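Engineer: Sequence below, structure please.
(2 chains)
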Amino acid sequence: GAGVSQSPSNKVTEKGKDVELRCDPISGHTALYWYRQRLGQGLEFLIYFQGNSAPDKSGLPSDRFSAERTGESVSTLTIQRTQQEDSAVYLCASSLSGGPGEQYFGPGTRLTVT
Amino acid sequence: DQQVKQNSPSLSVQEGRISILNCDYTNSMFDYFLWYKKYPAEGPTFLISISSIKDKNEDGRFTVFLNKSAKHLSLHIVPSQPGDSAVYFCAAPNQAGTALIFGKGTTLSVSS
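Structural biologist: Okay, the predicted model is just below:
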């Protein structure tokens, strides 16, 4: 079946512009996660959704970052007034019901802020 | 403060030999661990996991060993194949179960 999809695959933006990144999780997966991977680093947790609610937003690095999820499906990660340090690969993952088990990742969006 | 550490950024192995990838953790409350494999321009894919009630879990060519007293786990790949060349991440769920905490990864190169 279809896996996790993300769009766009690549995004180049100028410093100070806003960007929106989209994630389509696996159908029926109630849990959705956003991570980012900066160059040479591991994956860094950003936010966790259970259904349309976000009980854990502790990884969002600043108030320029926000995310929403609608219809227990699609999620959008928005970064306002982008900075060069926001350059990273942004990865979305989903799992059937959350908890400590396996997460299924999308291919990521490579964001470059110039 | 890194809770999951992969201290070797890279490892090179010949085809057919054993690959051993190492991971250390600092939080003694971690009770479940996962290994993910990542190819360039793709998302990580789940490889194998282990619960702290076990000290070994095997799946085909892949075996994960857990040493709780040393807070250390390792992934063994036998025999290694060129298609195993990828970045391998060790991960553990956070206490709330809301996220995975990842190490920085080890890049494995298997030469034929």
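Engineer: Can you report how many residues neighbour the nearest residue to residue B:27 once chain neighbours are set aside?
Structural biologist: Spatial nearest neighbour of residue B:27, excluding adjacent residues (Cβ to Cβ, 6 or more residues apart in numbering or on different chains): residue B:3 at 5.1 Å. To be clear about C-beta, it is placed using only N, CA and C from the backbone, and glycine gets the same treatment. Counted with other Cβ atoms under 10 Å in any protein chain shown, residues neighbouring residue B:3 total 15.
Engineer: mind listing what residue B:3 touches?
Structural biologist: B:25-27, B:30, B:92, B:101 (Cβ atoms under 8 Å, 6 or more residues apart in numbering or on different chains).
Engineer: run the last query once more with 6 Å
Structural biologist: Residues in contact with residue B:3 (Cβ atoms under 6 Å, 6 or more residues apart in numbering or on different chains) are B:26-27, B:101.
Engineer: and if you look at residue A:89?
Structural biologist: Applying Cβ under 6 Å, 6+ apart, the residues contacting residue A:89 are A:37, A:108, A:110.
Engineer: how close does it sit to residue A:80?
Structural biologist: 19 Å (Cβ to Cβ, to the nearest Å).
Engineer: Okay, and the beta partners of the nearest residue to residue B:54 once chain neighbours are set aside?
Structural biologist: Nearest non-adjacent residue to residue B:54, counting by Cβ to Cβ, 6+ apart: residue B:66, 6.8 Å away. When assigned by DSSP bridges, residue B:66 has beta-bridge partners residue B:73.
Engineer: all strands of the chain, in order?
Structural biologist: All of this refers to chain A. Listed in chain order, the strands of chain A (DSSP state E) span residues A:5-7, A:10-13, A:19-24, A:31-37, A:43-50, A:53-56, A:65-69, A:75-79, A:88-95, A:104-105, A:109-113.
Engineer: meant chain B, my bad for not saying
Structural biologist: B:4-5, B:10-14, B:19-25, B:32-38, B:45-51, B:56-59, B:62-67, B:72-77, B:86-93, B:100-102, B:106-111.
Engineer: For residue A:66, find the nearest of those.
Structural biologist: Proximity to residue A:66 (Cβ to Cβ) singles out strand B:100-102 among these, at 21.6 Å.
Engineer: mind listing what that closest one pairs with, with the direction of each?
Structural biologist: By DSSP bridges, strand B:100-102 pairs with strand B:86-93 (antiparallel).
Engineer: Using the neighbour-count criterion, name the buried positions in the partner strand.
Structural biologist: B:86-93 (16 or more other Cβ atoms under 10 Å in any protein chain shown).
Engineer: so where's chain A uncertain?
Structural biologist: Scanning chain A for pLDDT under 70 picks out A:1.
Engineer: Please tell me how far whichever residue of it sits closest to chain B sits from residue B:65.
Structural biologist: Residue nearest to chain B within chain A (Cβ to the nearest Cβ): residue A:105, separated by 3.2 Å. For residue A:105, the distance to residue B:65 equals 25 Å [Cβ to Cβ].
Engineer: between these two, who's got more neighbours?
Structural biologist: Legend: neighbour count by other Cβ under 10 Å for residue A:105 and residue B:65, higher for residue A:105 (22 against 17).
Engineer: so what's the most centrally placed residue in chain A up against?
Structural biologist: Nearest residue to the geometric centre of chain A (Cα atoms, centre = their mean): residue A:34, 3.3 Å. Shown in contact with residue A:34 (Cβ under 6 Å, 6+ apart): A:46-47, A:77, A:92.
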